[in-house]
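> need the 3D shape of this:
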Amino acid sequence: MARFIIVHTPNLEITQDQLFESAHEILASLEPGVQWLNSWSAGEANKVFCEWEAPDAETIRRILAKIEHIMSTDEIHSVVQVDPNLFR
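Coordinates of the predicted model:
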């Protein structure tokens, strides 16, 4: 399974309840073989970074289309994890 980092810009006018509701909607609509692993918020930059595993970027884009009004999907990058323990 491929791993991806997604860059989002949240709508500044949404409430925390709307954000939680959209997260539940995404989790309920995950397809087999797709996982939302982690998210990080950079409030000062108004960005959210999410880590996913999926067969391809288009699968993630299709799932996230449901919440474009809450949080735009600006970029999707295929990534490879680098373990710093390998360099010790």
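> okay, the closest residue to residue 10 other than its chain neighbours: pLDDT?
Closest residue in space to residue 10, ignoring its immediate chain neighbours: residue 71 at 4.6 Å, by CB to CB, 6 or more residues apart in numbering. For the C-beta atoms, the positions are set from N, CA and C on the backbone; glycine is no exception. We have a pLDDT of 92 for residue 71.
> and residue 71, how many neighbours?
Burial of residue 71 is recorded as 22 neighbouring residues (other CB atoms under 10 Å).
> i'd like the first residue to be 417 from this point on
That works, and once the first residue is 417, the last one we named lands at residue 487.
> for the lowest-mean-pLDDT helix or strand in the chain, which outside residues touch it?
Lowest mean confidence among the helices and strands of the chain (mean pLDDT, DSSP states H and E): helix 432-444, at a mean of 90. Residues outside helix 432-444 that contact it (CB atoms under 8 Å, 6 or more residues apart in numbering) are 426, 452, 479, 480, 482, 483, 486, 487.
> using TSV, please lay out those residues together with distance to residue 439 and secondary structure.
What follows is those, written out as TSV (distance: CB to CB, whole Å; DSSP: H, G, I helix; E, B strand; the rest coil):
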residue	distance to residue 439	secondary structure
426	12	strand
452	9	strand
479	12	helix
480	11	helix
482	11	helix
483	8	helix
486	9	coil
487	10	strand
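> ok so, going back, CA-only coordinates of the least confident helix or strand of the chain in CSV, if you can.
Backbone C-alpha positions of helix 432-444 (Å, rounded to 0.1, in the frame of the first residue of the first chain) are rendered in CSV as follows:
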residue,chain,number,x,y,z
GLN,A,432,-15.1,22.6,15.7
ASP,A,433,-18.4,20.5,15.7
GLN,A,434,-18.4,20.8,11.8
LEU,A,435,-14.8,19.7,11.7
PHE,A,436,-15.5,16.7,13.9
GLU,A,437,-18.6,15.8,11.9
SER,A,438,-16.6,15.9,8.7
ALA,A,439,-13.9,13.6,10.3
HIS,A,440,-16.6,11.1,11.2
GLU,A,441,-18.0,11.3,7.7
ILE,A,442,-14.6,10.5,6.2
LEU,A,443,-13.9,7.6,8.6
ALA,A,444,-17.4,6.1,7.8
